[in-house]
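Enquirer: Based on what follows, work out the 3D shape:
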Amino acid sequence: MSTFVVCHHSKLVAYLVATSLRLLHGRATPIHVIELEVEYVVPGLWCGVSTISHERVPNWTFLQLQILLQVLRPALVFVDSIHVRTGRSSGQRDTVEAVESTRGSYFGIIYDVHVVLDTLRQFLLNSPNTFLSGSRLPIQILKQNLDRQFGPDSVWMEFDDFGGHGLSTAPFPMANTCSARIQLSQNTPWPSSHSAFEIRNFIWFPLARIFQMGSGDNLPQCGENDTTGSVNHLYNYTAIARSDLMWALTVCGASLQRLKTMSLEPKL
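Expert: Numbers count the residues shown, from 1 in each chain. Down below sits the predicted model:
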């Protein structure tokens with residue numbers, strides 16, 4: 001039986017990959033998550049992503065049905081009406097207005113990244129044969145130590161060669177935030193006594209990707225024959241990317257695709 005070791009500089013990616021492996025492989029397969037001490041997520045940061053480009057996310061059907069609509073459902077607000085009002089030309093902040101979906105379809109997701117991380121972490125901590133441990137060691141030294149511990153049957157889901165870019169240690173770019181107003185439905189799971197709530201510092205990632213990389217639709221292309229399991233793209237090494245749920249799902253889907261090419265993954 002293989003032992004999976006998951007290691008990524010983004011806890012969001014690592015938790016998503018480990019959660020996917022747990023759902024796919026059942027209770028018996030050991031999964032070890034190495035929580036690297038590299039994280040620059042701003043506390044209490046609300047974020048939003050568009051799901052319009054979901055067809056570019058490998059294994060989207062599984063990730064949507066099992067992760068978004070099951071494990072993470074209490075941590076997410078799904079929206080089906082999104083309006084971005086640009087105020088930069090007049091010296092004002094951009095504003096995002098969104099309405100929670102009351103149907104089965106949606107075009108975006110609103111979330112507090114720390115709530116998402118906590119939800120995934122609790123799922124993993126409550127799962128059998130799942131182990132989380134922190135490390136400050138360089139990845140290559142860590143891998144040598146753990147290879148001796150787990151033996152030749154271990155499968156490393158390890159992404160941290162940084163593609164020659166180096167990991168950004170810059171502060172989170174709060175200048176990329178805008179304001180937001182979210183209209184909630186009566187059946188929302190969120191504990192609110194109001195039908196809407198205001199967010200002062202909000203990251204709308206289609207805009208944030210424009211400021212970071214010059215393109216709002218900057219999800220990587222990952223084909224069916226992907227053989228890397230890693231998405232070595234410059235955006236992946238920015239501080240802001242580590243809160244981007246669609247980016248994390250794309251990297252997660254690519255890693256599952258890699259396992260399928262190695263015949264280590266059940267058919268999704």
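
Enquirer: which stretch of helix or strand covers Arg93?
Expert: Assigned by DSSP states H and E, Arg93 belongs to neither a helix nor a strand.

Enquirer: The stretch 101-250 of the chain: helices as residue ranges?
Expert: Ranges of helices in the stretch 101-250 of the chain, per DSSP state H, counting those that start in this stretch, are 113-125, 139-150, 205-213, 245-261.

Enquirer: Would you format those as JSON lines with mean neighbour count included?
Expert: (Each C-beta comes from the backbone N, C-alpha and C, glycine too.) Formatted as JSON lines, these follow (neighbours: other C-beta atoms under 10 Å):
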{"stretch": "helix 113-125", "mean neighbour count": "18"}
{"stretch": "helix 139-150", "mean neighbour count": "14"}
{"stretch": "helix 205-213", "mean neighbour count": "19"}
{"stretch": "helix 245-261", "mean neighbour count": "24"}
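
Enquirer: okay if I get those helices as a markdown table plus distance to Leu132 and mean pLDDT?
Expert: Listed next are the helices of the stretch 101-250 of the chain as a markdown table, based on distance: least, C-beta to C-beta, whole Å; pLDDT from 0 to 100:
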| stretch | distance to Leu132 | mean pLDDT |
| --- | --- | --- |
| helix 113-125 | 6 | 94 |
| helix 139-150 | 14 | 71 |
| helix 205-213 | 26 | 69 |
| helix 245-261 | 17 | 86 |
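
Enquirer: Same list (the ones you listed) but as TSV, adding distance to Leu16.
Expert: Formatted as TSV, the helices of the stretch 101-250 of the chain follow (distance: least, C-beta to C-beta, whole Å):
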stretch	distance to Leu16
helix 113-125	7
helix 139-150	19
helix 205-213	16
helix 245-261	4
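
Enquirer: With respect to Leu76, which of those helices lies nearest?
Expert: helix 113-125 (7.5 Å; C-beta to C-beta).

Enquirer: what angle separates the helix or strand Val6 falls within from helix 139-150?
Expert: Val6 is part of strand 3-8 when elements are defined by DSSP H and E. Relative orientation of strand 3-8 and helix 139-150, computed by axes from the mean of the first three to the mean of the last three C-alpha atoms, to 10 degrees: 160 degrees.

Enquirer: Hmm, Trp46 is touching Ile203, no?
Expert: Yes: the pair Trp46 / Ile203 is scored as a contact, 7.3 Å apart, by C-beta atoms under 8 Å.

Enquirer: what about the nearest residue to Leu68 once chain neighbours are set aside, neighbour count?
Expert: Spatial nearest neighbour of Leu68, excluding adjacent residues (C-beta to C-beta, 6 or more residues apart in numbering): Leu76 at 6.6 Å. Around Leu76 there are 20 other residues, counting by other C-beta atoms under 10 Å.
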